[in-house]
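Asker: fold the following, please.
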Amino acid sequence: MWRLYKVHSHPLTRVICGLPASWEKSIASVGFPSLIKSTVWSPCSRFVAVVLGALYTEKAIEILDAVILERLAIIPLDEQSLSKHLMFSPNGRFLTRFDARVERIITWDIQTGVLVSTISLKPLDHLNIAYSTCGTIVGLFSHTAISTYDILSGTHIYSHSVTIKKPVGIWAHGQCFQFATEMTGTITIWEVGCTSTHALREVKSLPIPDDPHYLEHYFSHPISLLASIGYGKVYIWGAQCSKYLLGPIDITSHTDLSFSSDGHFFAYGTLDSGVYLWKESPTGYILHQKLISNAGYTTPRISPNGELVLTVGDSVVQLWHTTGSKAPLPSIPTQVLQKIRRPPLLGFSPDEALAIVTQKGEKIATVLDLKPSAPRLTIDAGLEIYGLGMTSGTIIVIGDKKIITWNLPARDCITNPRVNIGDSVRTTTFDLPKNKFLQGMLISVSPDLHHMAIIEVVEDTVQSYTVDLYDTLTGQHLCRGDGGGFVRSSFILGKHELWCVNEFWTYGWKILRNDNSNATKLENLGSTKSPPDGLPWQCPPGYKVTNDGWILNCSGKRLLWLPPNWWPDRWDRIWHGRFLALLNDTLPEVLIVELE
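Answerer: Sure thing, here's the model as predicted:
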């Protein structure tokens, strides 16, 4: 085939920097147009159910296969409903959902998509739910009763009155249901039948740690593991052996916990988009892998057989192997498992010949030749870098109260491919606002390197903050304006404009200078308009990104497909002519490609 058609083939995309480490290593991934509300595995590990909707509503359940995440079926939902529990039957044929808003249980046959039954319930203040071993009965466990229902006929079978302060789980055991309750220092396991012929009885009690600092508990049976996560700590307690199998260890943020059915693997997600996958060992649990999902704040879901794990973001699901050629991580400290997030920093020269890349807080930056795709120069700044910029002949980096400038030699004049602060042509100092630190700032440099803007970045808020404008040649503070919590900023050369973007809007200021008074000010352009020539994170003329992640040229030809984790955040793409850089806070490098 190559001999026949090679004269007609040529690459549509040329990789400059970053592949393959920048692309996710998951088996498969799928993106959704709606928010993912919850995700659950089937007990046979063959299917995945994904509930989709908006912030306070749910629209549909999609059934995916667990090989390539192909969509097998779609079940429409009443948007007024809210899933509190979603589960498959033991054979994976039925899908049952507890609707928390209208107190009902709905069951579908996923092979046919037909509604099997709808069971109305009395109001319950707390609920756990499980299938029986036979797969036709469900057990519901609240503070006051445990009840059983036949899902095929949609009828109530029997209820047992109980008085439980803290239920922590229910599961099938033979022809009965067992459930666990927690009291100070003890997990008690109870058993009750599916019909009135089996009375409620206590099976056994297991010791657990008594520590009021832990926020929420997860009990996994029949392996008798108690997991707790919250208030900056996580632990796994082996109730049978009465000892810690992991921790308690410190974490700085978390999502939900997930276990395989046999307890061989467990995982939790963190704010840095990493999912920490732990594996059972003779001494407890050891860290097996860290999965970087690129999909933002993620929740893990391990398959019941322990062979696969899903990382679930706001609108992206990715599938990974728990085992394979990648070796376990043998010596990662368990006290603090999260690294400082170091967002990538990038600058293009105006002539599309060079790029400079580093990560925020690093001391080394690399200058790349874009045409031959090779490193040209290494900049050792001698201080942590929080901003940078470049022209065809000049480079500046911004560190703690310093702006350092280098002249970039021509390619054929480079004698030493590494330079340091001793080779710089100028070091300028500037004053930060009081009680402000560059680690928490967003820094942008104008393309002509004359101005620098420092904007405070505060996550999860829309409160106003300040934007400070500096002269990079003198370090002089020129003016201050109203700012906000943004994730990207850019100057528009020639128009003296500064534009920023966050999740909700784009906001701009115009830089005005009074020649008589030599004063500079920022004039608000508001959030309702944007520059007609576009911004670096917007597609330039001749290119388009479709909703399903394809980059097209002006004739509609497909040039490159972006994995779903790159779809939502357009400001994680920086365009410069034919060049596209993909940025992500969780990646160790920038991916730069040249398109046709």
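
Asker: may I ask which helix or strand of the chain has the lowest mean pLDDT?
Answerer: Every helix and strand in the chain was compared by mean pLDDT, DSSP states H and E; the lowest is strand 216-220, with a mean of 62.

Asker: S34 touches K59, doesn't it?
Answerer: Yes: in this structure, S34 is within contact of K59 by C-beta atoms under 8 Å, at 6.1 Å. Yep, even glycine has a C-beta here, placed from its N, CA and C like the rest.

Asker: what residues are shared contacts of these two?
Answerer: The contact sets of S34 and K59 overlap at 52-53 (C-beta atoms under 8 Å, 6 or more residues apart in numbering).

Asker: next one: the residue in the chain sticking out farthest from the centre, what pLDDT does it get?
Answerer: What lies farthest from the middle of the chain is N516; by C-alpha atoms, centre = their mean that is 50.7 Å. We note a pLDDT of 81 for N516 in this prediction.

Asker: which of the three states applies to it?
Answerer: Judged by DSSP: H, G, I helix; E, B strand; the rest coil, the three-state class of N516 is coil.

Asker: quick check: it vs L522, distance?
Answerer: Separation of N516 from L522 (C-beta to C-beta, to the nearest Å): 18 Å.

Asker: equivalent analysis for A73, please.
Answerer: Counting by C-beta to C-beta - A73 and L522 are separated by 54 Å.

Asker: with neighbour numbers in mind, choose between these two.
Answerer: Higher neighbour count among A73 and L522: L522, with 22 against 16, using other C-beta atoms under 10 Å.

Asker: what strand or helix carries V234?
Answerer: strand 233-238 (DSSP states H and E).

Asker: that strand pairs with which strands, and in what direction?
Answerer: strand 225-230 (antiparallel), strand 243-250 (antiparallel) (DSSP bridges).

Asker: kindly reformat those strands as JSON lines and extend each row with distance to T466 and mean neighbour count.
Answerer: Shown next, in JSON lines, are these (distance: least, C-beta to C-beta, whole Å; neighbours: other C-beta atoms under 10 Å):
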{"stretch": "strand 225-230", "distance to T466": "35", "mean neighbour count": "21"}
{"stretch": "strand 243-250", "distance to T466": "34", "mean neighbour count": "17"}
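
Asker: where does the stretch 151-300 of the chain dip in pLDDT?
Answerer: 164-167, 196-198, 210-223, 229-232, 252-254, 271-273, 293-296 (pLDDT under 70).

Asker: now the strands for it?
Answerer: Secondary structure of the stretch 151-300 of the chain by DSSP state E, counting those that start in this stretch: the strands cover 155-161, 167-173, 176-183, 186-193, 201-207, 216-220, 225-230, 233-238, 243-250, 257-259, 265-269, 274-281, 284-292, 299-302.

Asker: return the distance of stretch 391-400 from the chain's centre.
Answerer: Distance of stretch 391-400 from its chain centroid, counting by C-alpha atoms, centre = their mean, to the nearest Å, is 31 Å.

Asker: please apply the same query to stretch 576-590.
Answerer: Offset of stretch 576-590 from its chain centre (C-alpha atoms, centre = their mean): 17 Å.

Asker: identify the residues contacting it?
Answerer: The contact list for stretch 576-590 (C-beta under 8 Å, 6+ apart) reads 16-18, 21-22, 272-274, 292-294, 341-344, 346, 348, 352, 355, 357, 359, 370, 536, 540, 551, 560, 562, 566, 572-575, 591-596.

Asker: buried ones among the residues you listed?
Answerer: Buried residues within the contacts of stretch 576-590, counting neighbours by 16 or more other C-beta atoms under 10 Å: 16-18, 22, 272-274, 292-294, 342-344, 346, 348, 355, 357, 359, 370, 536, 551, 560, 562, 566, 572-575, 591-595.

Asker: which other helices and strands contact the helix or strand that contains I61?
Answerer: Using DSSP H and E, I61 sits in strand 58-65. For strand 58-65, the elements it packs on are strand 47-53, strand 71-76, strand 94-99, judged by 3 or more C-beta pairs under 8 Å, 6 or more residues apart in numbering; DSSP states H and E.

Asker: and the ones you listed as TSV, adding mean pLDDT and distance to K434?
Answerer: Output for these, formatted as TSV (pLDDT from 0 to 100; distance: least, C-beta to C-beta, whole Å):
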stretch	mean pLDDT	distance to K434
strand 47-53	91	45
strand 71-76	88	54
strand 94-99	87	53
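
Asker: would JSON lines of those strands with distance to I236 be doable?
Answerer: Output for those, formatted as JSON lines (distance: least, C-beta to C-beta, whole Å):
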{"stretch": "strand 47-53", "distance to I236": "25"}
{"stretch": "strand 71-76", "distance to I236": "34"}
{"stretch": "strand 94-99", "distance to I236": "27"}
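
Asker: what's the end-to-end length of stretch 378-393?
Answerer: 15 Å (C-alpha to C-alpha, to the nearest Å).

Asker: and stretch 137-157, by the same measure?
Answerer: 9 Å.

Asker: any buried residues in that stretch, and which?
Answerer: So, applying 16+ other C-beta under 10 Å, buried residues of stretch 137-157: 137-142, 146-151, 157.

Asker: on that earlier part again, the strand holding I61 to strand 71-76, inter-axis angle?
Answerer: Between strand 58-65 and strand 71-76, the angle comes out at 160 degrees (axes from the mean of the first three to the mean of the last three C-alpha atoms, to 10 degrees).

Asker: what's in contact with strand 58-65?
Answerer: Strand 58-65 is contacted from outside by 30, 32, 34, 37, 46-53, 70-77, 79, 81-83, 86, 95, 97, 110, 317, using C-beta under 8 Å, 6+ apart.

Asker: now those: which count as buried?
Answerer: 30, 32, 34, 37, 47-53, 73, 75, 77, 81-83, 86, 95, 97, 110, 317.
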